[in-house]
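> Sequence and predicted structure below; questions after.
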Protein chains: 2
Amino acid sequence: MTPARRTPTLEDVAREAGVSRATASRVVNGQENVDAGLRLRVIDAIASIGYVPNAAAAALVSRRTGTVALVMSGSDGSAGQAFADPFFGRIIGGVVTCLRDRSMRATVQLADSAKARNDALDLVRRGGADGALLVSTHANDPLPRMFLEAGVPAVLFARPSPRLPISYVDLAHDQGAALAADRLAARGCRTVATIAGPAELPAAIDRLTGFEHAMEAHGVPYVHVARGNFTAESGERAMTALLAAAPDLDGVFAANDLMAVGALRALQLAGRSVPDDVALIGFDDSQPAQLTSPRLTTISQPLEAMAARMTEMLLERLADPAKPPEPQIFRPVLVERESA
Amino acid sequence: MTPARRTPTLEDVAREAGVSRATASRVVNGQENVDAGLRLRVIDAIASIGYVPNAAAAALVSRRTGTVALVMSGSDGSAGQAFADPFFGRIIGGVVTCLRDRSMRATVQLADSAKARNDALDLVRRGGADGALLVSTHANDPLPRMFLEAGVPAVLFARPSPRLPISYVDLAHDQGAALAADRLAARGCRTVATIAGPAELPAAIDRLTGFEHAMEAHGVPYVHVARGNFTAESGERAMTALLAAAPDLDGVFAANDLMAVGALRALQLAGRSVPDDVALIGFDDSQPAQLTSPRLTTISQPLEAMAARMTEMLLERLADPAKPPEPQIFRPVLVERESA
DNA sequence: ATGAAAGCGCTAACAC
DNA sequence: GTGTTAGCGCTTTCAT
């Protein structure tokens, strides 16, 4: 008859295999310096008694959990809604995929309030995660500085504003905007406008100034500017205003695809043909960009690759705490479709 | 001068406050039965020496981690790509939001290969998570049965197929389809078609049969059927085929919004006006549904609420392991816009 | 290459 | 209400 069973421990494995707990541990953790014969016996013992290592015990002594905190920093109160945005989803995908190659995992935190930010930081301080990945796109987000000051290993997605001595990955947003400007200029557009994003997003600012500078380089000293908030509605409104201000417009760069979709609608309502009367370029290469007619020419960013690199940088930092902070900037690419 | 500091432990707190470690522990864990005066002294001590609890040590003895594994089960090789789909994002949002109210968190796993499935299961068995949330939408996914047989607490998103004695949340997909049928019937549509989703998704099957049955109830015995794979392109192709087979079509139900968007395009290309010539209804209430012209009438599902409920059910199961498995079905709602 | 032994920091009985 | 105590299961020097 079956004895009342506790769940088997390393001790049991060791006894069963006739080795010490230390050796059993070495085998479990895949260390090389173990006699092949013993290793085999340990492996058999593990299988025969159905041993499963205890993660908490390992973490307690090794001070490593194999877990990384992935902190999504939103404006206060943005709540769970944010996750519906593929931007976050793609980053999660990149992070999770990178981690699992190393047998690690991510725990997702939402930092949209002072309490939530503290909880996220606490998680790492309590040893619930080995380090943190902070997706923080807003200027003056307190989160990066909190982690920095607490001495908690962290890498950011997006350059902190104001700047901080901390590693981050980011896109060359200005280059993306320049790609759009180049395209418009190449089509011969001379009266151009841009629908900019919220001023509190450094990325939006970079896209705006990047566009202006690049058009300037193409001999176009003035660009009409309207602001939106990254929604289609705001893009439509902005485009309507732009059309009123500059009826002879022949090229438009929207700081994201959603606003470009709205702009497209306004343009079509106004009887302008895209791209013949007005060329239009978006940013992000999101799904909506592929669903409009004409389909949107846009700027794509390698979010998954950026997320994976961010993860690697954290792992490097964990392996060598002395590693100095480092930025890593990715290049956007122009996706040519029908709207420009 | 400052002594060489270890990181402070509960022991240090206890000494500083002049109480036992047990009392200090009670205060840290917010237990009620502690003298108010002592509690204050402990709190002061914590602040003054900068104590931070160690999660691994707590987990080791309490056998609780406060972490739940959120396992995204995709078809093999679907990789990180899947996360770009707002479907997953919304679920993650619902889960994370629900958990954080209880000071818990989720770790995201991708189960798209035999190894990944084993890793996910192992995570819980090693005590890396207290239980699992399995988002498994494909028929014959081995994942749910694996967790069930391992005796690991788990709750599913979507009814397992074949059925299993395990708790799950799901949408009444057939009711959603019926909502679409009712709408079409109310508009007087008599020659209707549906663009169905992949046959390996139980949800897609339910939407198809639900639609057929409801139209039948409205006195329409036959529904034209074409299959798509949930992409806009497949929807466009399906619609083109449907138009060829039944040129007098006056109503179409697509099993998701993306296919509806494709169908809309095909319809417009064929010179049919939507909704005047042909009424069109989608499913999901996704972003693209709001960006087309006309905007899509569609069926929405409360994914965040479903995810939150799934999470609660797991927590209930954790609190009472004897709790019998239970399904929880949510109602879809018709979102009236312009296409039908 | 292997084993002995010393904790890692905490919770939960249990006794008072 | 408070303290004492016995581990939780593992990794990791340190000898050998």
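Alright, I've got the coordinates. Numbers count the residues shown, from 1 in each chain, chains lettered A, B, ... in the order given.
> Can you give me the distance of the residue of the stretch 151-300 of chain A found nearest DNA strand C to B:T7?
With C-beta to the nearest atom of the strand as the measure, A:G151 is the residue of the stretch 151-300 of chain A nearest to DNA strand C, at 16.1 Å. Every residue, glycine included, has its C-beta placed from N, CA and C. Separation of A:G151 from B:T7 (C-beta to C-beta, to the nearest Å): 11 Å.
> Equivalent analysis for A:A111, please.
Per C-beta to C-beta, A:A111 is found 24 Å from B:T7.
> between these two, which one's more packed in?
Set side by side, A:A111 and B:T7 show more neighbours around A:A111, with 27 against 12, by other C-beta atoms under 10 Å in any protein chain shown.
> who are the neighbours in contact with the more buried one?
A:V71, A:M72, A:S73, A:G74, A:R117, A:A120, A:L143 (C-beta atoms under 8 Å, 6 or more residues apart in numbering or on different chains).
> same thing with A:A214?
Going by C-beta under 8 Å, 6+ apart, A:A214 touches A:A177, A:A178, A:A180, A:A181, A:D182, A:A185.
> Now list the buried members of the residues you listed.
Neighbour-count burial (16 or more other C-beta atoms under 10 Å in any protein chain shown) is assigned, among the contacts of A:A214, to A:A177, A:A178, A:A180, A:A181, A:A185.
> can you pull the contacts of the third one?
I take that to be A:A180. Applying C-beta under 8 Å, 6+ apart to A:A180 gives the contacts A:F211, A:A214, A:F253, A:I281, A:F283, A:I299, A:L334, A:A340.
> Export the contacts of A:A214 as CSV, with columns for secondary structure.
Converted to CSV, those look like this (DSSP: H, G, I helix; E, B strand; the rest coil):
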residue, secondary structure
A:A177, helix
A:A178, helix
A:A180, helix
A:A181, helix
A:D182, helix
A:A185, helix
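> A:S73 against A:D141, yeah?
Yes - contact criterion C-beta atoms under 8 Å: A:S73 and A:D141 qualify, at 5.5 Å.
> residues near A:I43, how many?
Neighbours around A:I43, by other C-beta under 10 Å: 14.
> Could you find the closest non-adjacent residue to it?
The shortest distance from A:I43 to any non-neighbouring residue, by C-beta to C-beta, 6 or more residues apart in numbering or on different chains, is to A:V27 (6.6 Å).
> Just the mean pLDDT for the host helix or strand of the one you found, thanks.
Assigned by DSSP states H and E, A:V27 belongs to helix A:21-28. Mean pLDDT, helix A:21-28: 94.
> Identify each of the helices in the stretch 101-250 of chain A and give its residue range.
For the stretch 101-250 of chain A, the helices defined by DSSP state H, counting those that start in this stretch cover A:114-125, A:143-150, A:173-186, A:202-217, A:232-245.
> for those helices, which one ends up most surrounded?
Ranked by mean neighbour count under mean count of other C-beta atoms under 10 Å in any protein chain shown, the helices of the stretch 101-250 of chain A are led by helix A:173-186, which reaches a mean of 23.
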